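1. Give me a 3D structure for the following:
(one chain, ligands or ions: 1)
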Amino acid sequence: MRQLDLDFVRRQFPAFSSPVLSSHAFFENAGGSYPCGAVVERPHRFYTDRKVQPYGPYPGAAAGGAEMDEARTRLSAMMGAAAAELSFGPSTSANTYVLAQAVRLWLRGKNAAIVVTNQDHEANSGVWRRLADEGIEVREWRIDPESGHLDPAALRPLLADGRVRLVAFPHCSNVVAEINPVNEIAAMARAAGARTVVDGVSYAPHGFPDFAALGCDVYLFSAYKTFGPHQGIMLIGAEFGAELPAQGHYFNAGSLYKRFTPAGPDHAQIAASAGMADYVDALYAHHFTAPADAAARGRAVHDLMRAQEVAVIAPLLDYLGSRNDLRLIGPRRAEARAPTVAVALDRAAEPVSKALGQRGIACWAGDFYAVRPLQAMGVDMDRGVLRMSAAHYTTADEVARLIEALQEVL
Ligand SMILES: Cc1ncc(COP(=O)(O)O)c(C=O)c1O
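-> Numbers count the residues shown, from 1 in each chain. Below you'll find the predicted structure:
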């Protein structure tokens, strides 16, 4: 297995040579990642040479439209989806909101039930729970209160009566971080006649998903956490997308990627999103010689990123797991989780994050809108949790500095 060349990686991120940002070792990646250079450069070109109504019959408009199409085409191909199956919205929260409006109409009067979890970030929870107001039964698939684990076996009885039409769950939670077996859960839901909506926001930064292999109907993530601009990206299978009532202008209903994005698109940000594909391709070209299609390049880069992160975060998990004055949330084993590491402390977490900030460590504290899972695990919400999250560009030296700073502060 090839190793990620971290010097090469870090050269692709302007943040690492920014005097402002490079002052700290960055561990707030789960909040928002650094954008890669290609994503920083593309909007400048767009605003300078393309920022007119795109797709019109004059050069700047045509080039702007082509760059927006390029983003959708290349990113979808990289994730094993068709171009029409990828849509851009303002954020994942906005995308789930619109999707829930479509589901509300889809299930109206059908004596249907849906399943939500208490492991999700609120963005993939509240919008679904509100469907109870429409007479849709909402069933909660609950985590283990000790470990935060979401057991697929516990989903089975919730699906047993055949009334469940939709299951919403996370690829991994932004505080528990354990990677859920999406393919297995999606297959279980499908066999029971239910569609699946997966919040991939906390997973995608650690390797872009292979949509076809995951087997879910909808996969959502936020590009500002995957080295891109502030956009919500939604992959929706063509079949489910056609089944749900469109939420955009009626005359656009024939275009899958416009059906669930009623807001006017943010042209420049969408065009900039192609920079994420530039980055993945640059990583592939630097590490591999064999020609490969976009999906294969995406998978290869996914595996490189994951391997790097698993190795880099293990010492932090070992260190935190060995302390008896804190509670490590989620699995101790790096392979089982994303490198998003939350801990409940014997004191309020926010002042600890401040003290770490004074020692050159950038991280934060609070509930991270994961109120339901933290409450379900009995975390004192006044204290909140301290969260330290790495990305593939995080170095072993940065993790060592973090451990040293924790040792001083705790
Ligand atoms: C797991 C998870 N899901 C959803 C969201 C919401 O994403 P957005 O900010 O794009 O609405 C977040 C944001 O932090 C998140 O961490």
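
2. now the helices for the stretch 1-150 of the chain?
-> 6-11, 37-45, 59-78, 92-107, 126-129 (DSSP state H, counting those that start in this stretch).

3. Would you mind giving the secondary structure of residue 233?
-> Put simply, residue 233 is strand when judged by DSSP: H, G, I helix; E, B strand; the rest coil.

4. which parts of the protein sit against the ligand?
-> Contact residues (CB under 6 Å from any ligand atom) of the chain with the ligand: 91-93, 121, 123-124, 170, 174, 199, 201-202, 222, 232. Every residue, glycine included, has its C-beta placed from N, CA and C.

5. Include pLDDT and neighbour count when you put those residues into TSV, please.
-> Below are these laid out as TSV (pLDDT from 0 to 100; neighbours: other CB atoms under 10 Å):
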residue	pLDDT	neighbour count
91	98	18
92	98	24
93	98	19
121	98	23
123	98	22
124	98	28
170	98	30
174	98	26
199	98	29
201	98	28
202	98	28
222	98	25
232	98	23
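
6. Among the residues you listed, name the ones in strands.
-> 170, 199, 222, 232 (DSSP state E).

7. ok, now which ones touch the second one?
-> The contact partners of residue 199, taken as CB atoms under 8 Å, 6 or more residues apart in numbering, are 92, 96, 120-121, 123-124, 168-171, 220-221.

8. returning to that earlier point: farthest-separated two in the residues of the chain next to the ligand?
-> Distance extremes for the residues of the chain next to the ligand: the farthest pair is 91 and 170 at 16.0 Å, using CB to CB.

9. Validate this expectation: residue 270 resides in a strand.
-> No - looking at residue 270 with three-state DSSP, it is helix, so not inside a strand.

10. Can you get me a residue count around it?
-> 25 (other CB atoms under 10 Å).

11. on that earlier part again, the ligand: which of the ones in strands among the residues of the chain next to the ligand is nearest?
-> Closest approach to the ligand among these (CB to the nearest ligand atom): residue 222, at 3.5 Å.

12. Name whatever forms a beta bridge with the closest one.
-> Using DSSP bridges, the beta-bridge partners of residue 222 come out as residue 232.

13. Just the buried positions in stretch 318-330, please.
-> 319-320, 326-330 (16 or more other CB atoms under 10 Å).

14. I'd say residue 32 and residue 226 touch.
-> No - look at residue 32 against residue 226 with CB atoms under 8 Å: they stay out of range, at 10.0 Å.

15. With neighbour numbers in mind, choose between those two.
-> Counting neighbours by other CB under 10 Å for residue 32 and for residue 226 shows that residue 226 has the greater number, 28 against 13.

16. close enough to count as contact, that one and residue 205?
-> Yes - between residue 226 and residue 205 a contact is recorded at 5.0 Å, counting by CB under 8 Å.

17. Now do the shared contacts for these two.
-> Residues within reach of residue 226 and of residue 205 at once, by CB under 8 Å, 6+ apart, are residue 33.

18. thinking again about what came up before, could you redo the helices of the stretch 1-150 of the chain as JSON lines and give each row distance to residue 246?
-> Listed next are these as JSON lines, based on distance: least, CB to CB, whole Å:
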{"stretch": "helix 6-11", "distance to residue 246": "40"}
{"stretch": "helix 37-45", "distance to residue 246": "29"}
{"stretch": "helix 59-78", "distance to residue 246": "18"}
{"stretch": "helix 92-107", "distance to residue 246": "8"}
{"stretch": "helix 126-129", "distance to residue 246": "18"}
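
19. Tell me which of the ones you listed lies nearest to residue 291.
-> Proximity to residue 291, assessed across those by CB to CB, is greatest for helix 59-78 (14.6 Å).

20. Which residues belonging to that closest one are considered buried?
-> For helix 59-78, a neighbour-count test (16+ other CB under 10 Å) marks 60-61, 63-65, 67-78 as buried.

21. For residue 342, list the residues it contacts.
-> 175-177, 329-330, 368, 385-388.

22. brain fart, residue 177
-> Contact analysis of residue 177 by CB under 8 Å, 6+ apart lists 202, 329-331, 337-342.

23. from those, which ones fall inside strands?
-> Going by DSSP E, the strands hold 340-342 from these.

24. I'd like to know which of those is nearest to residue 147.
-> Among these, residue 342 lies closest to residue 147 (CB to CB), at 13.0 Å.

25. May I have the phi/psi pair for residue 179?
-> phi -80, psi 120 (degrees, to the nearest 10).
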